[in-house]
Every structure is written in structure tokens, then in C-alpha cells.
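Enquirer: A structural model of the following input is requested.
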Amino acid sequence: MLRRRIWSDGVARIRCSLSCRIGTAGWSIPAAEQEAFPLEGSHLERYATRFNAVEVNSSFYRPHRRMTYERWAASVGDDFLFSVKLPKTISHARRGEHTEADIERFANEIAGLGGKLGVVLVQFPPSRVFQRCEVETLFASLSSSLPCPLACEPRHASWFAPPAETLLADLHVARVAADPPPADGAEAPGGWPGLRYHRLHGAPRIYYSRYEPHAIDILRDDLENGAHAADVWCIFDNTAMGAATANALELITRL
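Expert: Purely as a prediction, here's the structure:
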């Protein structure tokens, strides 16, 4: 469901309800889309007038101070949520290499978001084979430390078989629906059905390509069909040439 709100500048802006969150990876505003946003405010403040979610990818590469997250949380409205990517020092570590201290440090940092923390995204490397014991250990640690749902984006074919699906559902971890899919079955959400998390990386050229209108229509139908049963997130990650912002705006107008 959508609602339309008239902002102080007199422009009607469409916002999604809490059951459907649309945004991009990061909140940069490409030059070609500047007119769709207010002129004043920080990039995040301007971004948040059109979207109700964003994915923080920089946390994957480097830590941010808690006060940085606090500042970001204060820059957005009450209905806005952040998805934060788990540091690769945790998600890409071999068994036993990450410590509880790593997770606790990350949890303390993102606690600065307060109630604006919506999801923690765990992206595994393509070489990460599904191994039940490792998965149980990692997600048990994350669940006990992080006060939000978890979504994972595996990229090895072993994660798309029934044993992995069953375990993720039992652990209340959603599996990302990814495009382009790295393996058969990766194009559809999986794992815990209480969260549907879509990540659109761009196709045919990953990170660069803009999705054509017919692809946005298919995505719209998929989101609407799933919204009755779960919290739905849709993040465009085709940011290299600014296509993510254009696609996200287009999707909102089509819903």
C-alpha cells in the first residue's frame, strides 16, 4: 500500500507503507535525478524525502562510529529504516576466525540507529559452501546480539537446496532474492518467510545496467504479491552509473 503526502515545498511525494520498503545501496543522488529531490539538506535528508529505506554498504568495508549512526538516524523521518551490511571481517571469516568481540563491537556501533535499524544484511562470498554447524553458530551469535531481523545473501549453489532453506527458516533468517541470480533458485526469496529482501544488482551488466520498464513491472507484481505475508524490502544496487536511483523512483510510481 502507498500513501501520498504533500511536503512543505508543495510537491507530492509517494511513500511506501511499512510493509514495503524501497531504496538504494547508499544515498547518493545522481545529477540526472536531482530534480526529483529537494534542493536543501544533506544527501541523506534529501534522499529520505523520496524513499523509506536505505542499505548501508560501507559498513562491509570499514567500521563507523556509533555517533555517525546516531547522526544518520537523526537525519531521517520516523518511518525510515536502515539496512546495515555485516562487516566482511565477520561474514567472510573462516570458521573460528571471527570472535564474539567482533560481533559485539558491530552491534554497539549500529545501536546508534536505535529504532531506525531495520535489517542486518549478511553477504557471503561465492566460495562459502553451506555447512550447517558454521551457519548455526554464526547466526545464533548474530541473533543474540542484534535487535533486528537478519537477511543473508549466499552465492554458492549449496545454499539453495532444502537443508539450507529449512535451517534458515528455523533460525528466522531470510534469504535474499538476488538479480542476477548467482545460482538456480537465488532469484526468489527463501529461508524465513517473515521477511522478503530483494537486491537488484543490475542486469545484464552487474552494478551498471538500468532495469527496463518491463522488468520493473515484473518486480512490482512480485513485491505486491509478497507484501501481504511479510515485511518486504527492495534495494537497488546498480549504483555505478546512477541507475539505482532512477529504478527505485520508477518502481515507486508503478506500485
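Enquirer: Okay, residue 49 and residue 119: tell me how far apart.
Expert: Residue 49 sits 21 Å away from residue 119, going by CB to CB, to the nearest Å. Where C-beta positions appear, they are placed from N, C-alpha and C, glycine not excepted.
Enquirer: neighbour-wise, which of the two wins?
Expert: Ranked by neighbour count (other CB atoms under 10 Å), residue 49 and residue 119 place residue 119 first, with 24 against 20.
Enquirer: hang on, residue 202 packs against residue 246?
Expert: No: the criterion here is CB atoms under 8 Å, and residue 202 misses it with residue 246 at 11.5 Å.
Enquirer: out of those two, which sits in the more crowded spot?
Expert: Neighbours were counted for residue 202 and for residue 246 using other CB under 10 Å; residue 202 has more, 22 against 19.
Enquirer: Who are the contact partners of the more buried one?
Expert: Residue 202 makes contacts with 208-211, 237-238, 240, 243-244, as judged by CB atoms under 8 Å, 6 or more residues apart in numbering.
Enquirer: from those, which single one is nearest residue 136?
Expert: Set against residue 136, the nearest of the contacts of residue 202 by CB to CB is residue 237 (28.0 Å).
Enquirer: Next, count neighbours for that closest one.
Expert: A count of neighbours around residue 237, defined by other CB under 10 Å, yields 20.
Enquirer: can you check residue 44 too?
Expert: By the other CB under 10 Å criterion, the neighbourhood of residue 44 contains 18 residues.
Enquirer: Please look at it and residue 77 and confirm they touch.
Expert: No: look at residue 44 against residue 77 with CB under 8 Å: they stay out of range, at 11.2 Å.
Enquirer: element containing residue 151?
Expert: Assessed by DSSP states H and E, residue 151 sits inside strand 150-153.
Enquirer: on contacts alone, who are the packing partners of that strand?
Expert: Here strand 150-153 touches strand 117-123, helix 132-145, strand 173-175, strand 195-200, going by 3 or more CB pairs under 8 Å, 6 or more residues apart in numbering; DSSP states H and E.
Enquirer: hmm, 6 Å instead?
Expert: strand 117-123, strand 173-175 (3 or more CB pairs under 6 Å, 6 or more residues apart in numbering; DSSP states H and E).
Enquirer: CSV please, covering these and showing mean pLDDT and distance to residue 153.
Expert: Formatted as CSV, the helices and strands packed on strand 150-153 follow (pLDDT from 0 to 100; distance: least, CB to CB, whole Å):
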stretch, mean pLDDT, distance to residue 153
strand 117-123, 98, 4
strand 173-175, 98, 8
